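1. Pasting the sequence and the predicted model now:
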Amino acid sequence: MGSDDGFLDVGSTTAFVAEELRRANCLTVVSNSIGVVQTLAGINGNRVYLLGGELQSDERGTFGYVAQRQLQRYAFDVAILSTDATSDSTGFLYHSPAEADLATVVAGRADFLVMASAHFKFGDKAPYVGPDPRLVHMLVTDAAPKGAMVKSFDRWGIDVQVATAGKSHAA
């Protein structure tokens with residue numbers, strides 16, 4: 001893989017990221033998302049890889065042992081993951097154990113890890129713990145976190161960026 005290698009997971013947030021990446025040239029992108037792969041394949045010299053594994057139609061993505069084994073072969077410059085919920089005590093949470101496991105594997109393979117989350121997921125609950133929040137470099141969200149979430153992001157060393165209308169700024 002080259003100098004612009006990345007991973008994008010499933011989810012509506014990462015689908016927006018994939019749309020923005022259509023402007024970039026010669027990216028190498030690995031994903032478990034059918035939508036991400038469809039969006040970026042054949043555009044501007046991009047190389048796009050879809051992980052194998054069990055297809056979960058509700059997520060439109062691949063998960064499980066095969067996907068995780070394939071991920072072990074990659075080293076990513078940047079990985080962008082979504083999350084189902086964020087707890088100020090536990091970190092990033094998922095409704096699916098397969099999604100939590102995949103996100104955890106990806107986090108260990110990325111030089112720079114970005115979590116993308118809508119603000120309404122702060123304080124939400126989900127049963128499965130994802131990547132260690134201390135591995136996350138940046139959180140991109142649509143509104144600044146408040147209260148205990150701010151303290152947790154600071155404690156974990158996460159740079160919070162609030163994106164508005166195609167732009168982002170520090171929270």
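-> Yep, it's here.
2. Just want the most central residue of this protein.
-> residue 81 (0.7 Å; Cα atoms, centre = their mean).
3. now the helices: where do they sit in the chain?
-> 12-21, 34-40, 65-71, 97-107, 148-156 (DSSP state H).
4. how about this protein, which residue sits the furthest from its center?
-> Max radial position in the chain (Cα atoms, centre = their mean) goes to residue 147, at 23.8 Å.
5. on that earlier part again, closest one to residue 129 among the helices of the chain?
-> Ranking the helices of the chain by proximity to residue 129 (Cβ to Cβ) places helix 97-107 first, at 6.2 Å. In short, each C-beta sits where N, CA and C put it, glycine included.
6. mind listing what's buried in the closest one?
-> Neighbour counts over helix 97-107 (16 or more other Cβ atoms under 10 Å) mark 98-107 as buried.
7. nearest to residue 87, of the residues you listed?
-> Nearest member of the buried residues of helix 97-107 to residue 87, counting by Cβ to Cβ, is residue 100, at 12.8 Å.
8. quick one: contacts for the closest one?
-> 93-94, 128-130 (Cβ atoms under 8 Å, 6 or more residues apart in numbering).
9. And the residues you listed, which of them are buried?
-> So, by 16+ other Cβ under 10 Å, the buried ones in the contacts of residue 100 are 93-94, 128-130.
10. can I get the helices of the chain in CSV with distance to residue 87 and mean pLDDT?
-> Below are the helices of the chain laid out as CSV (distance: least, Cβ to Cβ, whole Å; pLDDT from 0 to 100):
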stretch, distance to residue 87, mean pLDDT
helix 12-21, 18, 89
helix 34-40, 26, 95
helix 65-71, 24, 96
helix 97-107, 13, 97
helix 148-156, 8, 97
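11. Please determine how far the residue nearest to the centre of the chain is located from residue 100.
-> 10 Å (Cβ to Cβ, to the nearest Å).
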